[in-house]
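>>> sequence first, then the predicted structure, then my questions.
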Amino acid sequence: MTVEVISVRLEDRFRLLSGGSRTAPARQQTLRALLDWSYDLLGEKEQVLLARLSSFAGGWTLEAAEQVCAADSLIALEEVLELLLALVDKSLVLVEERRGETRYRMLETVRAYAAERLEASGEGKPCANGIGNGAQSSSRWQIRDYRERRQRSG
């Protein structure tokens, strides 16, 4: 496969990486099978939180996750931190320190998978309604980061 063909096919990463070794365990044969296996190991609330967190394209803070993801009785506000840390422990969510602020994010492949799960659950709309404040927070962070880089460079 040429680089150009791979580049075009990267739009659907789950179809591109689909020809694993037939002797490997099923979960290691395709990218989708691996993510399905990891997702199935999660508890119900962890699955729901992972799907809801896919609404954040550029990362999020704990406060934004609490605001968006504890929108109903399924996940209580006080449960978000514990569930989020469980997803970090399982390497589905990454944690970073930036300018003294703790931020979380998903690798894009994990986020795309979780977004599919969110859409399949039928929860896409309620979560999208709650994303406004979280997106505003993320936008402010990105703008601040951009301004700091500009000040350092010139």
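Received the coordinates, thanks. Numbers count the residues shown, from 1 in each chain.
>>> for the rest of this, base every contact and every neighbour count on C-alpha atoms.
Will do.
>>> which residues in the chain form strands?
Secondary structure of the chain, counting by DSSP state E: strands at 94-98, 101-105.
>>> buried deepest among those strands, which one?
Of the strands of the chain, the one with the most neighbours on average (mean count of other Cα atoms under 10 Å) is strand 101-105, at a mean of 17.
>>> so which of the strands of the chain gets nearest Asp72?
Proximity to Asp72, assessed across the strands of the chain by Cα to Cα, is greatest for strand 101-105 (21.6 Å).
>>> that older thread, turn the strands of the chain into CSV, including distance to Ile75.
CSV is the format used below for these (distance: least, Cα to Cα, whole Å):
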stretch, distance to Ile75
strand 94-98, 21
strand 101-105, 18
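>>> for Gly59, which of these is the nearest?
It is, among the strands of the chain and with distance given as Cα to Cα, strand 101-105, at 4.3 Å.
>>> got a list of contacts for that closest one?
Phe56, Gly58, Gly59, Trp60, Thr61, Leu62, Val93, Leu94, Val95, Glu96, Glu97 (Cα atoms under 8 Å, 6 or more residues apart in numbering).
>>> what's the angle from that strand to strand 94-98?
150 degrees (axes from the mean of the first three to the mean of the last three Cα atoms, to 10 degrees).
>>> what about strand 101-105, average pLDDT?
Across strand 101-105, the average pLDDT comes to 96.
>>> can you check stretch 56-69 too?
pLDDT averaged over stretch 56-69 gives 93.
>>> from the opening residue of it to its closing one, how far?
Start-to-end span of stretch 56-69 (Cα to Cα, to the nearest Å) is 11 Å.
>>> just to revisit the earlier point, among the contacts of strand 101-105, which one lies nearest to Thr30?
Val93 (20.4 Å).
>>> and the gap between the nearest residue to the closest one once chain neighbours are set aside and Ser121?
The shortest distance from Val93 to any residue other than its chain neighbours is 4.8 Å, reached at Met106 (Cα to Cα, 6 or more residues apart in numbering). Remark: distance between Met106 and Ser121 (Cα to Cα) = 19 Å.
>>> fine by me, we can end here.
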